[in-house]
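Visitor: Here is my input, please return the structure:
(2 chains)
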Amino acid sequence: MADGSIGLWTVSLAVLGGAIRVSTPFLFVSLGECITERSGRINLGLEGTLVMGAMSAYGISYLTGSPWLGLLAAGITGALLGALHAGICSLPRVNDVAVGIALMLFGTGLAFYLGKPLIEPTAPRLPAIDFGWWSDIPQVRAALRVNVLFLIGVALAPTLYWAFRATRWGLLIRTAGESSDAARAMGHSVLLIRLRATMVGGFLAGIGGSFLSLFYPGSWNEGLSSGQGITAVALVIFARWDPLLCLWASLAFGGAAALGPALQSVGVTSGYHLFNAAPYVLTLAIMIITCSPKRTLTGAPAELSITR
Amino acid sequence: MTSEAADSAEAVGAIAPAADAGFLQRYGGAIEYVLIPGAAVAGALAVFGIFVMLFGKNPLDLYFYMYYGAFGTWFSWQNTLTRAAPLILTALCTALPAQLGMVIIGGEGALLIGALSATSAALLLQGMPPFVVQIAMVIAGVIGGGLWITLAGALRQYRGVNETISSLLLVYIALAILNHLVEGMMRDPASLNKPSTREIGAANMIGSIPGTDVHWGLVFGLIAAVAAYILIYHTVFGFAARVAGGNIRAARIVGLGVSKLILTICFLAGGAAGLAGMVEVAAVQGRTNANLAAGYGFTGILVAFLARQNPLAIIPVAILLGGISASGGLLQRRLGLPDASVLVLQGIIFVFVLASDALYGRIGFLKGKS
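Guide: So this is what the prediction gives:
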């Protein structure tokens, strides 16, 4: 009985800690995708951006010794991939969903190619802040070792929420997403707005990738991201393109993804792979519940091809 | 590489009778469908050449070894064709739903589930005559893969869930199911380092086409591609599917059963990819393990887009892409390029092919003056 309750506590703590640790890449990718999709374009290539970000962050951190430069490199790589996506999509009759799939394959391939020599060496990692200093229980301390990126992401969500509502840039992005004709009539270039939105989205997704290689799991290998990028894209859809909901959804996802390792740590090993699939099953389940064939989703940018 | 030679030959053929405007009016569109993807592949190869040049390799060596590794010898041809077989089948998994305007990218998942179902069927029927086992494996593979993609289609039709995302999520779920089963219930206790199921037995393997090392899966692929072509372009069902793909509201107004169309097409698409999984088990691996997730499903997406979703065009494109992946080993050994170089080239080709969509109907001399 006592064993059972300790096990349960350990699992809950590990899930909580995992929610904080694992959710960060989900959070950054979904916030980035949120910006891109609000401008009326979908970038499915963020899976590739995430992996490229992870690889370049690790490489630059290893070469320069500074994880922060690695972080910057990941962001810039992501922005460049975003620019590539937006550039191809601005050609006439090119489908943004297909370009996303292409960039997903291209990004992962390029990252595996360039990252080959990086599997062996160890790069300096991002520091963590210890919020669990008050506790004597090691599990609590482990759960509360929080990375700065997580805090930045948490701060970014309400900032974006406010920016979409109250700033000139936010309004421009939303106008481009709701009606490209209206944006054009106001004298703005829709393609340019979408280019910038996709680049910012790529930048954030790259940062999300750097978290994977520089903090948790904290190394570079080819199995580093298994669909976190695409899950985060799906997450934006049921977060209704709302940055604040993206934050909550990312936390839920992080918790779900941490369930497998948490159960393994207390000795429940059967079904390990099935628990690892929990985020994908959860995404699918939530999409099934929240989507409807009869109406377009509330809050969906009208120009978005994927919701039409 | 040979396809480019063919392209340029056809391009020459296209220019020669240019005085006859009627010829271009009639065939200009068809020539475009060969010329533009051909040019896209050539452009991608050029960019890839520059890319490897940045790493101090000679691009001419690269092209030579790619050609040699893909189509240079009988041995490399056989390697190429062996790899083309599953690519034809997984490409159908994207190309068939594309007729309905759906973008399905979950061929890899259907392949894994198909492999798992086929292996289960073979293990259940141990002791039966090989022919019976093989038929059962085909049926199990097609049904397993078919239901997997039908799930994505049904979610789209009945719940409005985007099929692109759901089919990709299903890939990861399929992989988890496969890993769970081969490390648990279906694990062969003798497989230590690489958890696998028990072997289906040498007698139940489908073997090679006589006189070659190419397995019968290639024939399965060819039959499936031709059947898909006939289904889409020469039957009422295919016509209905293309009407629904062009304008779903019009299809509903004229009374086409859109749900039935979507579910049937998705089942056939997934069935093709499931058959690819069955082929990989029954002709290559002999058992199910994580080796099956070799990316055929993802390369199949590229094949389908490069073939412009035409089932017949999938055949040569799958051979071309099979050749590129067959040459990967040689590039690794002779030029010291990492195995991911094939993925990079595939990615570049994909990007070029999509960007080239902007060119259709814009090439002056192909329009034909009327």
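
Visitor: for chain B, what are the nearby residues on the stretch 51-200 of chain A?
Guide: Applying C-beta under 8 Å from any C-beta of the partner chain, we find that the stretch 51-200 of chain A lies next to chain B at A:84, A:88, A:91-95, A:97-99, A:101-103, A:105-110, A:112-113, A:116. C-betas here are computed from N, CA, C, even on glycine.

Visitor: Give me the three-state assignment for B:M128.
Guide: At B:M128 the chain is in coil, as set by DSSP: H, G, I helix; E, B strand; the rest coil.

Visitor: Next one, pLDDT for it please.
Guide: pLDDT, B:M128: 92.

Visitor: check which helix or strand covers the nearest residue to it once chain neighbours are set aside.
Guide: Of all residues not flanking B:M128 in the chain, B:A136 sits nearest, at 7.9 Å (C-beta to C-beta, 6 or more residues apart in numbering or on different chains). For B:A136, the element it lies in under DSSP states H and E is helix B:130-159.

Visitor: Can you give the distance of that helix from its chain's centre?
Guide: Remark: helix B:130-159 is offset 17 Å from the chain centroid, using C-alpha atoms, centre = their mean, to the nearest Å.

Visitor: tell me the contacts of the residue nearest to B:G221 when sequence neighbours are not counted?
Guide: Of all residues not flanking B:G221 in the chain, B:I88 sits nearest, at 3.5 Å (C-beta to C-beta, 6+ apart). Taking C-beta atoms under 8 Å, 6 or more residues apart in numbering or on different chains as the criterion, B:I88 is in contact with B:L218, B:G221, B:L222, B:A224, B:A225, B:V303, B:I314, B:I315, B:A318.

Visitor: how close does the closest residue to B:L302 other than its chain neighbours sit to B:A313?
Guide: Nearest residue to B:L302, sequence neighbours excluded (C-beta to C-beta, 6+ apart): B:F350, at 5.0 Å. Per C-beta to C-beta, to the nearest Å, B:F350 is found 16 Å from B:A313.

Visitor: cool, A:A142 as well?
Guide: Counting by C-beta to C-beta - A:A142 and B:A313 are separated by 55 Å.

Visitor: With neighbour numbers in mind, choose between the two.
Guide: Counted by other C-beta atoms under 10 Å in any protein chain shown, A:A142 and B:A313 do not tie: B:A313 has more neighbours, with 21 against 13.

Visitor: Pretty sure that one sits against B:A307.
Guide: Yes: using C-beta atoms under 8 Å, B:A313 is in contact with B:A307, at 3.8 Å.

Visitor: following the helix or strand where A:L247 lies, which helix or strand shows up next?
Guide: Using DSSP H and E, the element containing A:L247 is helix A:243-265. Next along the chain after helix A:243-265, taking DSSP H and E as the criterion, comes helix A:272-276.

Visitor: Start from the N-terminal end of the stretch 101-250 of chain B and give the strands.
Guide: Per DSSP state E, counting those that start in this stretch, the stretch 101-250 of chain B carries no strands over any range.

Visitor: Apart from its neighbours in sequence, what residue is nearest residue 59?
Guide: Since you didn't name a chain, this refers to chain A. Going by C-beta to C-beta, 6+ apart, A:G59 has A:L118 as its nearest residue, at 5.4 Å.

Visitor: you looked at the wrong chain, it should be chain B
Guide: B:G49 (3.3 Å).

Visitor: Quick one, grab the pLDDT at that neighbour.
Guide: Model confidence at B:G49 (pLDDT) stands at 95.

Visitor: From the structure, what's the count of residues near residue 250?
Guide: Going with chain A. 30.

Visitor: I was thinking of chain B, sorry if that wasn't clear
Guide: Close neighbours of B:A250, defined as other C-beta under 10 Å, add up to 11.

Visitor: That one and chain A, how far apart?
Guide: Going from B:A250 to chain A by C-beta to the nearest C-beta, to the nearest Å gives 16 Å.

Visitor: right, and that residue touches B:R242 too?
Guide: No: if you go by C-beta under 8 Å, B:A250 and B:R242 don't touch, sitting 11.4 Å apart.

Visitor: Now do the contacts for the closest residue in space to A:V154 that isn't next to it in sequence.
Guide: Spatial nearest neighbour of A:V154, excluding adjacent residues (C-beta to C-beta, 6+ apart): A:L247 at 6.5 Å. A:L247 sits next to A:L27, A:G153, A:V154, A:A157 when contact means C-beta under 8 Å, 6+ apart.

Visitor: What of B:M278?
Guide: So, once contact is read as C-beta under 8 Å, 6+ apart, B:M278 ends up touching B:G114, B:A115, B:S117, B:A118, B:M137, B:V138, B:A140, B:G141, B:V142.

Visitor: excluding its backbone neighbours, what's nearest B:A290?
Guide: Spatially, and ignoring its direct neighbours in sequence, B:A290 is nearest to B:N179 (6.5 Å; C-beta to C-beta, 6+ apart).

Visitor: quick revisit: now render the contacts of A:L247 as a markdown table, adding secondary structure.
Guide: Shown next, in a markdown table, are the contacts of A:L247 (three-state DSSP):
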| residue | secondary structure |
| --- | --- |
| A:L27 | helix |
| A:G153 | helix |
| A:V154 | helix |
| A:A157 | helix |
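
Visitor: Counting neighbours, which of these comes out on top?
Guide: Among the contacts of A:L247, A:L27 has the most neighbours (other C-beta under 10 Å), with 30 neighbours.

Visitor: That one against A:W248, yeah?
Guide: No: counting by C-beta under 8 Å, A:L27 stays clear of A:W248, with 10.1 Å between them.

Visitor: what helices or strands is the helix of greatest length in chain B leaning on?
Guide: With secondary structure taken from DSSP state H, chain B has its longest helix at helix B:21-54. Packing contacts for helix B:21-54, counted by 3 or more C-beta pairs under 8 Å, 6 or more residues apart in numbering or on different chains; DSSP states H and E, involve helix B:2-15, helix B:59-67, helix B:296-306, helix B:311-326, helix B:341-355, helix B:364-367.

Visitor: Where do the helices of the stretch 1-150 of chain A begin and end?
Guide: Secondary structure of the stretch 1-150 of chain A by DSSP state H, counting those that start in this stretch: the helices cover A:2-38, A:46-64, A:67-89, A:96-115, A:138-143, A:148-166.

Visitor: Just say which of those is most tucked in.
Guide: By mean neighbour count, with neighbours taken as mean count of other C-beta atoms under 10 Å in any protein chain shown, helix A:46-64 ranks first of the helices of the stretch 1-150 of chain A at a mean of 29.

Visitor: rewinding a little: Provide a list of residues in contact with the residue nearest to B:M128.
Guide: With C-beta under 8 Å, 6+ apart, B:A136 has these contacts: B:A121, B:A122, B:L125, B:M128.

Visitor: In helices, which of these fall?
Guide: Among these, the members found in helices (DSSP H) are B:A121, B:A122.

Visitor: What's the ChimeraX line that selects buried ones from the contacts of B:A136?
Guide: If you want just the buried ones from the contacts of B:A136 in ChimeraX, going by 16 or more other C-beta atoms under 10 Å in any protein chain shown, the selection is:
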select /B:121,122,125
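
Visitor: Out of the contacts of B:A136, flag the one nearest to B:F237.
Guide: Of all those, B:F237 sits closest to B:A121, with 28.0 Å by C-beta to C-beta.

Visitor: who's in contact with the closest one?
Guide: Residues in contact with B:A121 (C-beta under 8 Å, 6+ apart) are B:V133, B:A136, B:M137, B:I139, B:A140, B:G141.

Visitor: let's go with 6 Å and repeat that
Guide: When contacts are counted by C-beta atoms under 6 Å, 6 or more residues apart in numbering or on different chains, B:A121 touches B:A136, B:M137, B:A140.

Visitor: Sounds good, over and out.
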